[in-house]
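Peer 1: For reference, the sequence and a predicted model appear below.
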Amino acid sequence: MVTGGARLAGEVPVTGAKNSVLKLMAAALLAEGRSRLTAVPAIFDVPVMAQLLERLGCDVLLEPGAVSIDVPAVPGHEADYDLVRRIRGSIAVLGPLLARCGEAKVALPGGDAIGSRPLDMHIGGLVKLGATVDIEHGYVVARARRLVGTQLWLDFPSVGATETLLMAAVLAEGTTTLDNAAREPEIVDLCTMLQQMGAQLEGVGSSTLVVEGVEGLRPTAHETVPDRIVAGTWAIGAVMTQGDVRVRGGRADHLATPLDKLVQTGAVVDVEPDGFRVRMDRRPTAVDLVTLPYPGFPTDLQPMFLALDSVAEGTAMATENVFESRWMYVDELRRLGADVRTDGHHAVVRGRARLSGAPVRAHDIRAGAGLVLAGLVADGVTELSDVHHVDRGYEGFVESLVALGADVRRETVADEPY
Ligand code: UD1
């Protein structure tokens, strides 16, 4: 329940990235023994991934802010649908299991609310590395005695496919070159962990990754990269509510494009030793955006920025290039009075001085966060249902909002993340 009107002011901490930690947990499978991850966010996806690893025979210990994963000499190789369907990120076990066990059977995750997400690039790359891959009874079944390095090229710099192929190639025989690889900070984070485990990688952070396969890897300790999408959410919230927020632990260098957009709306952004500060003292000016793979504007911040544009001065056009169905939440935003028209990849937003509170529903994590931000600048009360989506990506979202001065409360009690 969000009562609009407050400005966000104060300091908010940012912990490790959801989109990194799930892949780092999967990467632990690549080495026998205990790996430990820190800056682990208390979000729902982490215990689900932990359960999945436990079913593969790992001993997983979740502590506040950390997870340690003890991987047996021979892990299981089957990831069941009941867990995979709950978090799409679990497909990240496919590459490591195939590389470690010579066989992997992972349920196809199925569709979700932001668009169809096929695995053709994951599978095509594994086949080029020498695997046989079949789809059987809703599972991807991949087999290869040992993968063999080769030249790979992605049609699109897919985050997931880059991760799968990277984690498969580190234990392959010989050299793999992956061109048009994704360059997201979460990929760099994964590369850093793999290097600490003994993987031989070059080109980290660039769109060409060169992997020299090794015989075996060792477990490691690694700190998860801060969540740039959570940090960006707070930055956008500060601007929308004409507030002043210090995002502690946020990496401004990972948010160059969105923070530049916020400056274009009229905000002041200061980089500080332990994060950054975003201030706004007037109604924002509408700003266009185009989502693209990193370092372009992140698709995961598109719903929040559209919420901002819906209360900005002027008209803006948002173009979505990453997920084709990422406008599903726009009907909900319209229920709050936003003037948004979508056509194919584009949305045109005419800014209104104020929105008006209404019951709305969260379709996915980011849409939910965008609707909460919209509720902060709406008259009256916005009641958001299906908030469990938001809990998948934001640690203590309501508590942080309240600490920043927002009038938000949770009506139903959520399960404890751990
Ligand atoms: C990850 C993030 C997600 C983010 C997205 C883009 C996780 C858990 N999720 O998702 O929050 O929005 O990156 O930054 O890290 N595609 C194919 N074939 C494939 C693979 C992808 O067509 O084999 C398409 C997808 O349908 C989508 C586009 O490529 O249209 C980008 O997808 P991808 O970068 O792979 O996103 P995810 O890894 O699924």
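Peer 2: Thanks, I have the structure now.
Peer 1: CA atoms for contacts and neighbours, from now on please.
Peer 2: Noted.
Peer 1: where in this structure is pLDDT low?
Peer 2: 110-116, 413-418 (pLDDT under 70).
Peer 1: what does it have sitting close to the ligand?
Peer 2: 19, 89, 116-122, 158-161, 299-300, 322-323 (CA under 6 Å from any ligand atom).
Peer 1: So which of these are in helices?
Peer 2: Residues from these lying in helices, with DSSP state H as the criterion: 19, 120-122, 159-161.
Peer 1: which one of the residues you listed has the most neighbours?
Peer 2: For these, neighbours were counted using other CA atoms under 10 Å, and residue 161 has the most, 25 neighbours in all.
Peer 1: about what we covered before: out of the ones in helices among the residues of the chain next to the ligand, which two are the most distant from each other?
Peer 2: 19 and 120 (20.2 Å; CA to CA).
Peer 1: Could you pull up the residues touching residue 351?
Peer 2: Counting by CA atoms under 8 Å, 6 or more residues apart in numbering, residue 351 touches 286, 309-316, 338-339.
Peer 1: can you tell me which of those are in helices?
Peer 2: residue 309.
Peer 1: Now restrict the contacts of residue 351 to buried residues only.
Peer 2: 286, 309-313, 315-316, 338-339 (16 or more other CA atoms under 10 Å).
Peer 1: Tabulate those (TSV), appending distance to residue 73.
Peer 2: Listed next are the buried ones among the contacts of residue 351 as TSV, based on distance: CA to CA, whole Å:
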residue	distance to residue 73
286	56
309	53
310	54
311	56
312	56
313	60
315	58
316	55
338	55
339	57
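Peer 1: now, among these, which is nearest to the ligand?
Peer 2: Closest approach between those and the ligand, by CA to the nearest ligand atom: residue 309, at 20.0 Å.
Peer 1: Now for the residue nearest to the closest one when sequence neighbours are not counted: which residues touch it?
Peer 2: For residue 309, ignoring the flanking residues on the chain, the nearest one in space by CA to CA, 6 or more residues apart in numbering is residue 286 at 5.3 Å. Contact analysis of residue 286 by CA under 8 Å, 6+ apart lists 265, 309, 312-316, 351.
Peer 1: Tell me where the stretch 301-418 of the chain has strands.
Peer 2: In the stretch 301-418 of the chain, the segments counted as strands under DSSP state E, counting those that start in this stretch are 315-319, 339-343, 346-350, 355-356, 359-361, 378-379, 381-385, 407-408.
Peer 1: Return the distance of the residue in the stretch 201-350 of the chain positioned nearest to the ligand relative to residue 206.
Peer 2: Closest contact between the stretch 201-350 of the chain and the ligand, by CA to the nearest ligand atom, is at residue 323 (4.3 Å). In this structure, residue 323 and residue 206 are 23 Å apart, going by CA to CA, to the nearest Å.
Peer 1: how about the strands in the stretch 151-300 of the chain?
Peer 2: 151-153, 175-179, 200-202, 208-212, 221-223, 244-248, 268-272, 275-279, 289-290.
Peer 1: ok, and what's touching the second one?
Peer 2: Okay, so that is strand 175-179. Counting by CA under 8 Å, 6+ apart, 148-154, 162, 169, 207-213 sit against strand 175-179.
Peer 1: gap between the two ends of stretch 64-80?
Peer 2: 27 Å.
Peer 1: Could you do stretch 143-152 as well?
Peer 2: Using CA to CA, the two ends of stretch 143-152 sit 18 Å apart.
Peer 1: which residues sit in contact with the residue nearest to residue 186 when sequence neighbours are not counted?
Peer 2: Nearest residue to residue 186, sequence neighbours excluded (CA to CA, 6+ apart): residue 20, at 4.9 Å. Going by CA under 8 Å, 6+ apart, residue 20 touches 186-187, 189-190, 224-225.
Peer 1: out of those residues, what pair is the most spread apart?
Peer 2: 187 and 224 (11.3 Å).
Peer 1: ok, the residue of the chain most remote from its centre to the ligand distance?
Peer 2: Centroid-distance maximum for the chain: residue 145 at 32.3 Å, with CA atoms, centre = their mean. Computed as CA to the nearest ligand atom, to the nearest Å, the residue 145 to the ligand distance reads 23 Å.
Peer 1: Excluding covalently adjacent residues, which one is nearest to that residue?
Peer 2: residue 102 (5.0 Å).
Peer 1: Residue ranges of each domain in this structure, please.
Peer 2: 2-15+226-408, 18-215 (automatic domain parsing).
Peer 1: For the helix or strand encompassing residue 100, which helices and strands make contact with it?
Peer 2: Element membership for residue 100, per DSSP states H and E: helix 94-101. Judged by 3 or more CA pairs under 8 Å, 6 or more residues apart in numbering; DSSP states H and E, helix 94-101 is in contact with strand 103-107, helix 159-169.
Peer 1: Reformat the ones you listed as JSON lines; add distance to residue 229.
Peer 2: Output for the helices and strands packed on helix 94-101, formatted as JSON lines (distance: least, CA to CA, whole Å):
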{"stretch": "strand 103-107", "distance to residue 229": "27"}
{"stretch": "helix 159-169", "distance to residue 229": "15"}
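Peer 1: Residue 407: which of these is closest?
Peer 2: helix 159-169 (36.0 Å).
Peer 1: Report the inter-axis angle for that closest one versus strand 208-212.
Peer 2: If you take axes from the mean of the first three to the mean of the last three CA atoms, to 10 degrees, helix 159-169 sits at 20 degrees to strand 208-212.
Peer 1: what helices or strands is helix 159-169 leaning on?
Peer 2: helix 94-101, helix 120-128, helix 185-196, strand 208-212.
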